[in-house]
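*Asks:* Next come a sequence and a model predicted from it.
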Amino acid sequence: MSAANRGDFGREFVHLNMLITDWLVWFFLAIAIAFFIYAATQPHWREPWQRLLKNRIATISIVILGFYFVLGLLDCVHFMQGSQLVSLLDLILKPLQHGDEKTYSAPFSLNLYSINDPQRLKYATSHLIDISQRPADIFKHVVIGFFEGLISGLFIIVLLTALLSFIKKYSAKHSLSKLIRGKTINAWRPAVLVFLFIWVIIFICGNLAAYYHVLGTDKVGYDVLYQAVKSIRTGLLIGTLTTIFMLPLAIILGLAAGYFSGWPDDVIQYLYTTLSSIPGVLLISASVLVMQIYIAGHPELFPSIAERADARLLALCFILGITSWASLCRLLRAETLKLRELEYIQAAQVLGVSRFAILWRHLLPNVLHIILITIVLDFSGLVLAEAVLSYVGVGVDPTTLSWGNMINSSRLELAREPIVWWPLCAALVFMFGLVLSANLLSDALRDALDPRLKD
């Protein structure tokens, strides 16, 4: 590459073009990091998290969710490359973007998926002469990816262990020995093994994806693995932003209803009872259609396709948030009704402590375990909700890559002959990994925060 071309290449990425959802994700991530730093300094918060890290299922779930979140965060940094909006994840997944094929092709196939006209793929597998070379070529790239992933993964593990040993003034050799033998206080060995396994799988898929469509292509010849990985951002945004929009309403109204009683309690109960009586899908569908009409009627506010799709995604998160706060509000009201009768709350009232101080200092810390558990549970439910809404046509924009859109676009292909199964399976596998990890973590979190299971 010439110096002039290198200069042009560098200038293509100097224009940072963050979407609204990108800014929101990084803003709330900063708040979450600040909360965890604060919690690490508080003994009553540090102890439950230490119990959580001793749970093998919890540490494994954290590692798996960590991979999902890192990929999602990489997809939340957007640049303008010429006239095209790309993210950091797009740059990493460059090997998957060989070029669009003509139509369907099965995983690792050399030809299009057609009985009448099985043409050779235009971009992938172009280095092979005939199908007899495929097994040996796949084995070669699997071996290369395995050793690259294994060596780099072990290097990262050793580096992190040495760094933590240096910070805590331990012997790095002794720390590695304890890690290998599984004698650490926390359940690090299963977490490290899962990290190493996923890391090796990523390298194997990366090596294969440079030469094959690992999960095949869809109807328009688009790589399915690329779509599944890019859909992680949508699933994480639906789960996190919706939960964040829901929390203020649920916490404020739930605590107020349980503590004040009287007419505030009656009004709040009427609100969430009425909201719970309306069919959720119909309410969300009507709200989404109203937002679509508004976005279509104000094109000057959303000049590009990416901004319109991002606005619709943000609107969907907001709508899901304001329609799903009722269950958490009901739980917080019931818990607050119980807590307000305890001696320390009554003592604070007698001593003249203000109502706001009682709510903030005494009631809120004692219901945080319910809030945290509900957040994790609702996260997995909202990821599934996006798939259902996209399936019925009121989810995210059709131009947005999501697991729901993948399922929606592949549903009719199950009835064709020959059957096209890989887009649906890819979406389900990626979604299953995220939802299962979140559910397992919520169970472990409940055990860690339950004072009755302290011993």
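*Replies:* Right, received. Where do you want to start? The shown structure was predicted, so the numbers you read here are calculated from the model rather than taken from an experiment.

*Asks:* From now on I want contacts and neighbour counts done on CA atoms only, so please keep to that.
*Replies:* Fine.

*Asks:* Against E386, how distant is the residue positioned nearest the centre of the chain?
*Replies:* With distances taken as CA atoms, centre = their mean, the chain has L236 as the residue nearest its mean C-alpha position (3.0 Å). Spatial separation of L236 from E386 under the definition CA to CA, to the nearest Å is 10 Å.

*Asks:* What residues of the helix or strand encompassing the residue nearest to the centre of the chain count as buried?
*Replies:* Here L236 is covered by helix 224-260, with elements defined by DSSP states H and E. In terms of neighbour count (16 or more other CA atoms under 10 Å), helix 224-260 has its buried residues at 224-243, 245-247, 249-251, 253-259.

*Asks:* And for stretch 193-207?
*Replies:* Under the neighbour-count criterion of 16+ other CA under 10 Å, stretch 193-207 has 194-196, 198-201, 203-207 buried.

*Asks:* can I get the CA coordinates of that stretch in CSV?
*Replies:* Output of stretch 193-207 as CSV, limited to C-alpha atoms (Å, rounded to 0.1, in the frame of the first residue of the first chain):
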residue,chain,number,x,y,z
LEU,A,193,-11.4,-22.9,31.2
VAL,A,194,-14.6,-21.6,29.7
PHE,A,195,-12.8,-18.4,28.6
LEU,A,196,-10.0,-20.5,27.0
PHE,A,197,-12.6,-22.7,25.2
ILE,A,198,-14.6,-19.7,23.8
TRP,A,199,-11.4,-17.9,22.8
VAL,A,200,-10.2,-21.0,20.9
ILE,A,201,-13.6,-21.3,19.2
ILE,A,202,-13.4,-17.7,18.1
PHE,A,203,-10.0,-18.1,16.5
ILE,A,204,-11.1,-21.3,14.8
CYS,A,205,-14.2,-19.6,13.4
GLY,A,206,-12.1,-16.6,12.4
ASN,A,207,-9.7,-18.7,10.4
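
*Asks:* what sits up against that stretch?
*Replies:* Applying CA atoms under 8 Å, 6 or more residues apart in numbering, the external contacts of stretch 193-207 come out as 60, 63-64, 95, 141-150, 153-154, 214.

*Asks:* Which members of those residues are classed as buried?
*Replies:* Looking at the contacts of stretch 193-207 with 16+ other CA under 10 Å, the buried ones turn out to be 60, 63-64, 95, 141-142, 144-146, 148-150, 153, 214.

*Asks:* now those residues in CSV, with distance to F35, pLDDT and secondary structure?
*Replies:* Supplementary listing: the buried ones among the contacts of stretch 193-207 in CSV, determined by distance: CA to CA, whole Å; pLDDT from 0 to 100; DSSP: H, G, I helix; E, B strand; the rest coil:
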residue, distance to F35, pLDDT, secondary structure
I60, 22, 93, helix
V63, 20, 94, helix
I64, 22, 94, helix
P95, 38, 72, helix
H141, 43, 91, helix
V142, 42, 93, helix
I144, 42, 94, helix
G145, 38, 92, helix
F146, 38, 95, helix
E148, 36, 93, helix
G149, 33, 93, helix
L150, 34, 94, helix
G153, 29, 92, helix
V214, 40, 87, coil
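
*Asks:* that older thread, can you name the element that comes right after the helix holding L236?
*Replies:* In N-to-C order, the element after helix 224-260 by DSSP H and E is helix 262-277.

*Asks:* so that following helix versus helix 224-260, what angle?
*Replies:* Orientation of helix 262-277 against helix 224-260 (axes from the mean of the first three to the mean of the last three CA atoms, to 10 degrees) gives an angle of 150 degrees.

*Asks:* A448 contacts P48, doesn't it?
*Replies:* Yes: distance between A448 and P48: 5.2 Å, which falls inside the contact criterion (CA atoms under 8 Å).

*Asks:* Those two: who's more crowded?
*Replies:* Higher neighbour count among A448 and P48: A448, with 23 against 18, using other CA atoms under 10 Å.

*Asks:* mind listing what's buried in the host helix or strand of that one?
*Replies:* Here A448 sits within helix 422-449, counting by DSSP H and E. Of the residues in helix 422-449, those with enough neighbours to count as buried (16+ other CA under 10 Å) are 422-424, 426-428, 430-431, 434-435, 437-442, 444-449.
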